[in-house]
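**Q** Quick check, what structure comes out for this input:
(one chain, ligands or ions: 3)
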Amino acid sequence: MNMRSVLDISAYLIVGPENTKGRPVPEIVRSAVENGFTCVQLRSKTASAREMLRLCAQTADLLTSLGKSDEVALLVDDRLDIVLAAREAGIKVDGVHVGQKDIPASVCRKLLGPEAVIGLSARADALIDYVTHCDTKDMDYFGAGPLHATPSKPEAGRTPDGRMVTRSLDELTQLHRVSPLPVVVGGGVKAADLPALKACGVEGFFVISAIAGADDPAAAAHRMTSLWRRCPSHSKIKSKG
Ligand SMILES: Cc1ncc(COP(=O)(O)OP(=O)(O)O)c(N)n1
Ligand SMILES: Cc1nc(C(=O)O)sc1CCOP(=O)(O)O
Ligand SMILES: [Mg+2]
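**A** Ligands and ions are numbered 1, 2, ... in the order given. Modelled structure (predicted):
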């Protein structure tokens, strides 16, 4: 199964060991996927390479046991090396999410091949211009944010002169209109944000703390995915692809 052709970024969980209040990462992933999450990104700024590889193996096994390994993409943040090592070990990891300071998407594509999923964080400044003119041939989607300032990533939205700039709903609506790729939006997203976010037309939302930090991650996931499904979307003027 080519995950690129079925990629669904509508409900996108990002999680690592530092986000779970001590609970095992696979436990959080299970709660999310059993309750409708469609994409999982393993992200840790503290875990060792070996720990990340173990997490990849555990999460891939979990997705298989849930019968979701051909539906729910498993991605790794930043670490092309981890994706390559996981593959070498026979672990099904579908791709990587890279940011503007990470390994270029073109290099990821070259090393991971045509079937890998590659996500890119859109540039923080001149967002609309960037997305309009960016060469997207190696990428599958754009991540954009933050919608709100967030303790999960305090530097998100911080400009070089120290100001905090968050994404307005108008900007996200425009982003959706100009982007040749699907767009997933995150940064402080909570259930209450979903109706307005969906109305912008963007293809999905990404969250860490709304699920990984919730007292009851399964209930939180169910609430978010059912709300997202129910909310009307802005119809796109020009269809993508
Ligand atoms: C889906 C998604 N969108 C954006 C990001 C942020 O990536 P990046 O800019 O590389 O920052 P870090 O996550 O590495 O701190 C993301 N991870 N996922
Ligand atoms: C990983 C990440 N990237 C962001 C961006 O704006 O680029 S915000 C973010 C963290 C999102 O976590 P939470 O849902 O807990 O706010
Ligand atoms: Mg990164």
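**Q** for the protein, which spans come out with low pLDDT?
**A** Scanning the chain for pLDDT under 70 picks out 235-241.
**Q** Now do the phi/psi pair for the residue with the largest distance to the centre of the chain.
**A** Taking Cα atoms, centre = their mean, the residue of the chain most remote from its mean C-alpha position is residue 161, at 27.3 Å. Backbone geometry at residue 161, expressed as degrees, to the nearest 10, gives phi -90, psi 10.
**Q** Please tell me how far residue 49 sits from ligand 1.
**A** In this view, residue 49 and ligand 1 are 16 Å apart by Cβ to the nearest ligand atom, to the nearest Å. Any C-beta I mention is one placed from the backbone N, CA and C, and that applies to glycine too.
**Q** how deep is that residue tucked in, by neighbour count?
**A** 11 (other Cβ atoms under 10 Å).
**Q** which non-adjacent residue is nearest residue 198?
**A** Leaving aside its chain neighbours, residue 198 sits nearest to residue 231 (4.0 Å; criterion: Cβ to Cβ, 6 or more residues apart in numbering).
**Q** got a list of what that neighbour touches?
**A** Contacts here follow Cβ atoms under 8 Å, 6 or more residues apart in numbering; on that basis residue 231 touches 194, 195, 198, 199.
**Q** Buried ones among the residues you listed?
**A** 194, 198 (16 or more other Cβ atoms under 10 Å).
**Q** Switch the contacts of residue 231 over to a markdown table; also include distance to residue 150.
**A** A markdown table is the format used below for the contacts of residue 231 (distance: Cβ to Cβ, whole Å):
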| residue | distance to residue 150 |
| --- | --- |
| 194 | 16 |
| 195 | 19 |
| 198 | 20 |
| 199 | 21 |
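**Q** Flag every residue of this structure that's near ligand 3.
**A** Proximity of the chain to ligand 3 is confined to 78, 99, 102 under the rule Cβ under 5 Å from the ion.
**Q** how much space between the closest residue to residue 21 other than its chain neighbours and residue 54?
**A** Excluding the flanking residues, the one nearest residue 21 by Cβ to Cβ, 6+ apart is residue 213, at 6.4 Å. The gap separating residue 213 from residue 54 is 22 Å, by Cβ to Cβ, to the nearest Å.
**Q** neighbour-wise, which of those two wins?
**A** Legend: neighbour count by other Cβ under 10 Å for residue 213 and residue 54, higher for residue 213 (18 against 14).
**Q** ok, that one touching residue 22?
**A** No - with contact defined as Cβ atoms under 8 Å, residue 213 does not reach residue 22; the gap is 11.2 Å.
**Q** Show me whatever sits in contact with both of the two.
**A** What both residue 213 and residue 22 touch, as defined by Cβ under 8 Å, 6+ apart, is an empty set.
**Q** any bit of stretch 82-100 sitting next to ligand 1?
**A** Yes - using Cβ under 6 Å from any ligand atom, stretch 82-100 reaches ligand 1 at 97, 99.
**Q** Now do that stretch: distance from first to last residue.
**A** With Cα to Cα, to the nearest Å as the measure, stretch 82-100 spans 18 Å from end to end.
**Q** May I see the buried residues of that stretch?
**A** By 16+ other Cβ under 10 Å, the buried positions in stretch 82-100 come out as 82-83, 85-87, 91-98.
**Q** so how many other residues sit close to residue 14?
**A** Residue 14, neighbours per other Cβ under 10 Å, totals 23.
**Q** if I've got this straight, it is in a strand?
**A** Yes - according to DSSP: H, G, I helix; E, B strand; the rest coil, the state of residue 14 is that of a strand.
**Q** Residue 110: neighbouring residues, count only.
**A** Count around residue 110 with other Cβ under 10 Å applied: 10.
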